[in-house]
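*Asks:* any chance you could fold what I've pasted below:
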Amino acid sequence: MPVLEMLISRFQESKASSLATTVGRFTTALSIPVAQVEAERQEGARAGRRFGGIFGTSGVANVTAVPTTTASWAIYNADLNRAYVIDSIVITCLSGTPGIGGTVAWIVAPLNAIPSAATGATVGSASGGGLLSKAVLAQSYTLSALSGQTQWGLWPTLCQPGSAAVGAATTADVRGGIIVPPGKVLGLALLSATGSTPLYLCGCNWFETQLDLE
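*Replies:* Sure, this is the predicted structure:
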């Protein structure tokens, strides 16, 4: 039986002379331990793999029923090598009077047609440059006909609007629970009460990394 020797310590030394002998450690469950010092998203940002974007500057209406083939917002993963691991989705009321509450409807679907970026759409790096993202952020994207396991889901949300006012936000704290493989599209919509002609802006944060998707 092969034996893997691991060094267990509270903090890893930073001296250059220790690099040859200091290695990572495993827990007794044979998993890599959770970092106790670094911030939660620090390593992804440091490696230039964390990005964020806004789906344009014009507002989009909410939906009052689960969509069929029309996404209010869509991220197209145009990268052939990296998957997009979604961290969070934030939808904010831009104008009008929103209904109280809201849930993010989402779907990962095959590409129907390459979307055009929404007017004013932006994508930025969380580490100030380095690697560039190929993500395309669009509005009102039409999905292919849905079948099988390609269906809409609802993501539990935090920070739901407690008052019907401009600036009220709905946040989906996804933390890696949604992955957009290369060549696929993530469709989004805000499922909420009708309100009085509210329009919303949507933003998203994600990591881009090479994954072995089974």
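*Asks:* show the low-confidence segments of the protein, by residue range.
*Replies:* By pLDDT under 70, the low-scoring segments of the chain are 1-25, 28-36, 160-164, 214.
*Asks:* what's across from residue 110 in the sheet?
*Replies:* Residue 110 has these beta-bridge partners by DSSP bridges: residue 184.
*Asks:* what's the answer for residue 84, then?
*Replies:* Beta-bridge pairing for residue 84 (DSSP bridges): residue 180, residue 208.
*Asks:* distance of the residue nearest in space to the middle of the chain relative to residue 119?
*Replies:* Residue closest to the average C-alpha location in the chain (CA atoms, centre = their mean): residue 86, at 2.3 Å. According to CB to CB, to the nearest Å, residue 86 and residue 119 sit 23 Å apart. C-beta: built from backbone N, CA, C; applies to glycine.
*Asks:* show me how far the host helix or strand of residue 108 is from its chain's centre.
*Replies:* Applying DSSP states H and E as the criterion places residue 108 in strand 103-110. Strand 103-110 sits 11 Å away from the centroid of its parent chain (CA atoms, centre = their mean, to the nearest Å).
*Asks:* from residue 115, how far off is residue 101?
*Replies:* 29 Å.
*Asks:* pick out whichever of those two has more residues nearby.
*Replies:* Neighbours per residue (other CB atoms under 10 Å) separate residue 101 from residue 115, with residue 115 holding more: 20 against 15.
*Asks:* my understanding was that the more buried one contacts residue 142; is that so?
*Replies:* No - using CB atoms under 8 Å as the test, residue 115 is too far from residue 142 to be in contact (9.1 Å).
*Asks:* give the contact list for the residue nearest to residue 121 when sequence neighbours are not counted.
*Replies:* Using CB to CB, 6 or more residues apart in numbering and skipping residues adjacent in sequence, the residue nearest residue 121 is residue 137, 4.2 Å away. Listed by CB atoms under 8 Å, 6 or more residues apart in numbering, the contact set of residue 137 reads 53-56, 73-75, 117-118, 121-123, 204.
*Asks:* helices of this protein, start to end?
*Replies:* Counting by DSSP state H, residue ranges of the helices within the chain are 42-46.
*Asks:* count of neighbours near residue 154?
*Replies:* Neighbours around residue 154, by other CB under 10 Å: 12.
*Asks:* is the residue lying closest to it once chain neighbours are set aside bridged to anything, and to what?
*Replies:* Take residue 154 and drop its neighbours on the chain: the residue closest to it by CB to CB, 6+ apart is residue 103, 5.0 Å away. Beta-bridge pairing for residue 103 (DSSP bridges): residue 191.
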